[in-house]
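Asks: sequence and predicted structure, then a few things I'm wondering about:
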Amino acid sequence: MKLELKIINQAANIQMLSIAGNFEIGHITPLGNEFSTLCEGPAVQLILDVRNATGITASGMNALIEARNQIVNRGGKVVLIGVNNRIRTMIDISGLNKYFPFVLSEADAIQLLHEKSA
């Protein structure tokens with residue numbers, strides 16, 4: 001799994017974490033470390049880009065849930081972009097679609113984060 005973090009809007013602390021590969025047990029620690037780092041500063045507005053993610057296991061879902069809860073508990077938000085059918089199915093089956101809004105593009109995600117801030 002490859003991770004890449006990019007600052008989208010420093011003033012609003014909107015950041016995008018792009019994930020490529022599979023969310024599976026051997027890759028959860030680096031992902032968890034990245035989420036922990038994001039939670040150390042001011043409340044983050046996170047766009048989680050999963051366009052290049054190939055799939056997600058139960059341990060991957062757990063990492064997403066934990067990260068989302070940490071971010072939200074600190075006043076932040078999480079929006080997913082680029083959700084493929086495999087990941088969407090896992091999110092839908094687990095009932096987490098009400099906790100993880102997903103949109104088609106980075107621009108849509110930024111707009112949603114701004115709307116939720118207002």
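Replies: Structure's in. What do you need?

Asks: run the chain-centre distance for stretch 106-117.
Replies: 14 Å (Cα atoms, centre = their mean, to the nearest Å).

Asks: pull out the buried positions in it.
Replies: Residues 106, 109-110, 112-113 are the ones in stretch 106-117 that count as buried (16 or more other Cβ atoms under 10 Å). Placement of C-beta: from N, CA and C, glycine included.

Asks: now what about that stretch, what contacts it?
Replies: 8-9, 12, 14, 16, 45, 47, 49, 77, 79, 81, 101, 103 (Cβ atoms under 8 Å, 6 or more residues apart in numbering).

Asks: centroid-nearest residue for the chain?
Replies: residue 48 (3.2 Å; Cα atoms, centre = their mean).

Asks: and it, that's in a strand?
Replies: Yes. In this structure, residue 48 lies within a strand as judged by DSSP: H, G, I helix; E, B strand; the rest coil.

Asks: name the nearest residue to it, ignoring sequence neighbours.
Replies: residue 80 (5.0 Å; Cβ to Cβ, 6 or more residues apart in numbering).

Asks: what mean pLDDT does stretch 48-65 get?
Replies: Per-region confidence: stretch 48-65 scores 85 on mean pLDDT.

Asks: got the buried residues for that stretch?
Replies: For stretch 48-65, by 16+ other Cβ under 10 Å, it's 48-50, 53, 56-57, 60-61, 63-64.

Asks: out of those residues, which is nearest to residue 90?
Replies: Using Cβ to Cβ, residue 56 comes nearest to residue 90 of these, at 5.2 Å.

Asks: the closest one and residue 19 touch, don't they?
Replies: No. Residue 56 lies out of contact with residue 19 (Cβ atoms under 8 Å); the separation is 9.5 Å.

Asks: can you give me the helices in the protein?
Replies: 28-38, 58-73, 85-93, 106-117 (DSSP state H).

Asks: okay if I get those as TSV plus distance to residue 2?
Replies: Output for those, formatted as TSV (distance: least, Cβ to Cβ, whole Å):
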stretch	distance to residue 2
helix 28-38	10
helix 58-73	14
helix 85-93	16
helix 106-117	18
